[in-house]
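[1] no sequence for this one, just the structure:
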């Protein structure tokens, strides 16, 4: 079973409308081939938490039980895109939400949203 190594601690940065990570955390997982991987999000990394369009925030707010998974996913899109493909990043997002106990319906809504509409360095 995958796991986070520490809880998410953030501080809101009003002037830039982002959240700064107060303490680094890692997420470890075991790939299908048995390889254990650890992904560390460093202290001071900036995230907007869940990137949700305004028109969908009634169903999926920008903040929730999934915050740490959203920060990890942002980190993949901004720093790990040259090491792991988008499909892998999105799969880790889904797995991380499962670890955090996000409701199944919400996990799949959010996973499919980033799978279909996720943008960033993966889109080139």
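    Thanks, I have the structure now. Nothing here was measured: the structure is a model prediction, and the numbers come from that model. Residues are numbered from 1 along each chain as shown.
[2] List the buried residues for the lowest-mean-pLDDT helix or strand in the chain?
    Least confident element among the helices and strands of the chain, by mean pLDDT, DSSP states H and E: helix 104-117 (a mean of 91). Within helix 104-117, the residues scored as buried using 16 or more other C-beta atoms under 10 Å are 107, 110-111, 113-115. Where C-beta positions appear, they are placed from N, C-alpha and C, glycine not excepted.
[3] residue boundaries of the helices in this protein?
    In the chain, the helices defined using DSSP state H lie at 67-75, 86-99, 104-117.
[4] buried set for the shortest one?
    What that stands for is helix 67-75. 67-75.
[5] Relative to residue 16, which of these is nearest.
    Distances from residue 16 to the buried residues of helix 67-75, taken as C-beta to C-beta, are shortest for residue 74 (14.1 Å).
[6] burial count for residue 34?
    By the measure other C-beta atoms under 10 Å, the count of residues near residue 34 is 6.
[7] I misspoke; the intended subject was residue 91.
    The number of residues near residue 91, taken as other C-beta under 10 Å, comes to 17.
[8] Just the pLDDT at it, thanks.
    As predicted, residue 91 sits at a pLDDT of 97.
[9] my guess is residue 70 contacts residue 50, does it?
    Yes - counting by C-beta atoms under 8 Å, residue 70 touches residue 50, with 4.3 Å between them.
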